[in-house]
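# With the input below, show me the fold.
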Amino acid sequence: MLIFIVVMLITGLIVGAIARFLVPGRDPMGCLGTALLGIAGSLVGGFLWNGFAYHDWHVRQVHPIGFIGSVIGAVILLVLLRLFHGRRRSW
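Okay, the predicted model is just below:
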């Protein structure tokens with residue numbers, strides 16, 4: 001179980017770093033935030049793939065979408081994070 005968590009954090013860090021590289025601008029997050037962005041991006045990518053492949057938004061099973069889908073999901077989350085974080089600062 002510990003190896004699974006370490007591998008998931010390392011993979012999330014790589015995916016989150018690629019997403020932060022693809023979306024220009026500054027982000028107020030460190031290494032842990034980047035890893036969590038990558039892990040959440042993988043979940044979002046899997047959810048979107050489930051809707052695309054099965055034409056259904058119900059989660060059938062947990063399955064890895066793959067590296068590209070994880071990056072796409074992390075980019076979507078990063079853009080949403082910047083959109084809502086910028087709004088909060090302006091109030």
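
# Show me what secondary structure element comes after the strand or helix carrying Gly38.
With elements delineated by DSSP states H and E, Gly38 resides in helix 31-54, which encompasses its position. Using DSSP H and E, the next helix or strand after helix 31-54 towards the C-terminus is helix 67-90.

# Tell me the buried residues in that next one?
Using 16 or more other Cβ atoms under 10 Å as the test for burial, helix 67-90 gives 69-78, 81. For the C-beta atoms, the positions are set from N, CA and C on the backbone; glycine is no exception.

# Could you do stretch 40-59 as well?
Judged by neighbour count (16+ other Cβ under 10 Å), stretch 40-59 contains these buried residues: 40-46, 48-50.

# List just the nearest of these to Ile18.
Gly41 (9.5 Å; Cβ to Cβ).

# and the gap between the closest one and Val15?
Using Cβ to Cβ, to the nearest Å, we find Gly41 at a distance of 6 Å from Val15.

# shared neighbours of those two, anything?
Between them, Gly41 and Val15 share these contacting residues under Cβ atoms under 8 Å, 6 or more residues apart in numbering: 70-71, 74.

# Can I get those residues in CSV including distance to Leu2 and pLDDT?
Below are the shared contacts of Gly41 and Val15 laid out as CSV (distance: Cβ to Cβ, whole Å; pLDDT from 0 to 100):
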residue, distance to Leu2, pLDDT
Ser70, 22, 86
Val71, 26, 88
Ala74, 24, 91
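
# Now do stretch 83-91, average pLDDT.
Regarding stretch 83-91, the rounded mean pLDDT is 64.

# Relative to Met1, how far out is the residue nearest the centre of the chain?
The residue lying closest to the centre of the chain (Cα atoms, centre = their mean) is Gly41, at 1.5 Å. Per Cβ to Cβ, Gly41 is found 22 Å from Met1.
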